[in-house]
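Student: got a predicted structure here, sequence first:
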Amino acid sequence: GDSVTQMEGPVTLSEEAFLTINCTYTATGYPSLFWYVQYPGEGLQLLLKATKADDKGSNKGFEATYRKETTSFHLEKGSVQVSDSAVYFCALMKTSGSRLTFGEGTQLTVNP
Amino acid sequence: DVKVTQSSRYLVKRTGEKVFLECVQDMDHENMFWYRQDPGLGLRLIYFSYDVKMKEKGDIPEGYSVSREKKERFSLILESASTNQTSMYLCASSPASNRATEAFFGQGTRLTVV
């Protein structure tokens, strides 16, 4: 079945450091890929998405590129802020349905 | 502003109780979902619904049931709560589409079964 694997966490960085959170997936066909973020005490909210190979999703300084050859969708940000501290989830959605399959989540803590 | 509202933020229930978790969305979405969130396991789909009175099992339906009598409301039912159902429960909704669309999430209900 479909699955999403994220890098093991948690991740702790200093402010202004470069962030990469790895995400790889297993799925048949051509899924759409998402990154969701969960701030403390809140539900998930969409951070960015990409619907086809080589698409780049971007939002709030975060970017991720849909790499079909490596089945990956790694999340990057050039300079993190304390306010980016949250749990980040990679997810996929098959084109034939609307359910999301999530990775394990990665806790990011950014220290001043 | 789109909104998915879960009736409780925190619940404490006793083993064996019947528990109802309620979710309401105001976006006229066709699809609604219940997930549970556990550390190290991410979100796992319990049940989902594509239409009123329709329901489909997700990946971990055992011990749960659902009800969708109205389009805006999707209820998760724990028939006889057990301690291994202590978790964070998240409701989500999304519009029907043949393309990938964003799902909107509620704030979650943290359920503790004692």
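Tutor: Thanks, I have it. This is a predicted model, so every value here is computed, not measured.

Student: in a strand, that's where residue A:104 is, yeah?
Tutor: No - counting by DSSP: H, G, I helix; E, B strand; the rest coil, residue A:104 is not found in a strand; it is coil.

Student: how many neighbours does the nearest residue to it once chain neighbours are set aside have?
Tutor: Spatial nearest neighbour of residue A:104, chain neighbours left out: residue B:42 (4.4 Å); criterion: CB to CB, 6 or more residues apart in numbering or on different chains. All C-beta spots, glycine's among them, are computed from the backbone N, C-alpha and C. Neighbour count for residue B:42, taken as other CB atoms under 10 Å in any protein chain shown: 22.

Student: bridged to residue B:42, which residues?
Tutor: In this entry, residue B:42 is beta-bridged to residue B:38, by DSSP bridges.

Student: please give me every residue in contact with the residue in chain A that chain B sits nearest to.
Tutor: Closest approach between chain A and chain B, counting by CB to the nearest CB: residue A:32, at 3.2 Å. Neighbouring residues of residue A:32 by CB atoms under 8 Å, 6 or more residues apart in numbering or on different chains: A:49, A:50, A:51, A:52, A:92, A:93, A:94, A:95, B:99, B:100.

Student: what do you get for residue A:20?
Tutor: When contacts are counted by CB under 8 Å, 6+ apart, residue A:20 touches A:74, A:75, A:76.

Student: how far is stretch A:7-20 from where the chain is centred?
Tutor: How far stretch A:7-20 lies from its chain's middle: 13 Å, per CA atoms, centre = their mean, to the nearest Å.

Student: and for stretch A:92-111?
Tutor: The chain centroid and the centroid of stretch A:92-111 are separated by 6 Å, computed with CA atoms, centre = their mean.

Student: any weak-confidence spans in the chain?
Tutor: Looking at chain A here, since you left the chain open. Along chain A, segments meeting pLDDT under 70 span A:95-97.

Student: try chain B instead
Tutor: For chain B, the ranges with pLDDT under 70 are B:1-2, B:98.
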